[in-house]
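In: what follows is a predicted protein model with its sequence.
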Amino acid sequence: MSDARTPAQIETDIKSRRDQLAVTLDEIGVRLHPSTVIGDAKAKVASAVDQTAGRAFVAVNRGVSEVRAQFVDEEGSPRLERVVPVALVVVGLVGLLAFSAKRRRG
């Protein structure tokens, strides 16, 4: 078997490789185009923000559920032994803040 190629075969190979190279260069041009780079960056940032927001939502939801469990029993009724002391503390703090604000003005 001979490895000798005809000029027509060589010319066909060159044309084929030139076409492949043109396609590759076009793909590189699209990938490196500023709008493509910016679009990819925006997509990555949006994905990261979505993941962070999702994790934050889950964490806040878990925290709220844990706090709620401290003040409400399994049936959904308030646990007065816990609600009343907290309510008294809140009322005391609000009264203290109001008194302090009134004292500063007058």
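Out: Nice, thanks for sending it over.

In: top helix in the chain by residue count?
Out: Counting residues, the longest helix found in the chain (DSSP state H) is helix 34-71.

In: which elements pack onto that helix?
Out: Contacting helix 34-71 under the criterion 3 or more Cβ pairs under 8 Å, 6 or more residues apart in numbering; DSSP states H and E are the following elements: helix 80-105. From N, CA and C alone the C-beta is placed, and that goes for glycine too.

In: list the contacts for A87?
Out: Shown in contact with A87 (Cβ atoms under 8 Å, 6 or more residues apart in numbering): no residues.

In: now it: how far from L80?
Out: 10 Å (Cβ to Cβ, to the nearest Å).

In: E74 too?
Out: Counting by Cβ to Cβ - E74 and L80 are separated by 15 Å.

In: then D73?
Out: Remark: distance between D73 and L80 (Cβ to Cβ) = 10 Å.

In: quick revisit: more neighbours: which of E74 and L80?
Out: L80 (10 against 6; other Cβ atoms under 10 Å).

In: for this protein, give me the ranges with low pLDDT.
Out: 1-2, 106 (pLDDT under 70).

In: can you give me the domain boundaries for it?
Out: Domain segmentation of the chain under automatic domain parsing yields 8-71, 80-106.

In: ok, back up a step: starting at the chain centroid, how far to the longest helix of the chain?
Out: 4 Å (Cα atoms, centre = their mean, to the nearest Å).

In: over to stretch 62-77?
Out: The mean C-alpha position of stretch 62-77 is separated from the chain mean by 28 Å, Cα atoms, centre = their mean.

In: now it: buried residues?
Out: Neighbour-count burial for stretch 62-77 flags no residue at all (criterion: 16 or more other Cβ atoms under 10 Å).

In: grab the CA positions of it and hand them over as CSV.
Out: C-alpha atoms of stretch 62-77 as CSV (Å, rounded to 0.1, in the frame of the first residue of the first chain):
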residue,chain,number,x,y,z
ARG,A,62,-35.8,27.3,60.1
GLY,A,63,-35.1,30.1,62.6
VAL,A,64,-38.7,31.3,62.6
SER,A,65,-39.9,27.7,62.9
GLU,A,66,-37.7,27.2,65.9
VAL,A,67,-38.8,30.4,67.6
ARG,A,68,-42.4,29.7,66.8
ALA,A,69,-42.0,26.2,68.4
GLN,A,70,-40.9,27.9,71.6
PHE,A,71,-44.1,30.0,71.8
VAL,A,72,-46.7,27.7,70.3
ASP,A,73,-47.5,24.1,71.2
GLU,A,74,-48.1,21.2,68.7
GLU,A,75,-51.8,22.1,68.4
GLY,A,76,-51.1,25.7,67.5
SER,A,77,-52.1,27.2,70.9
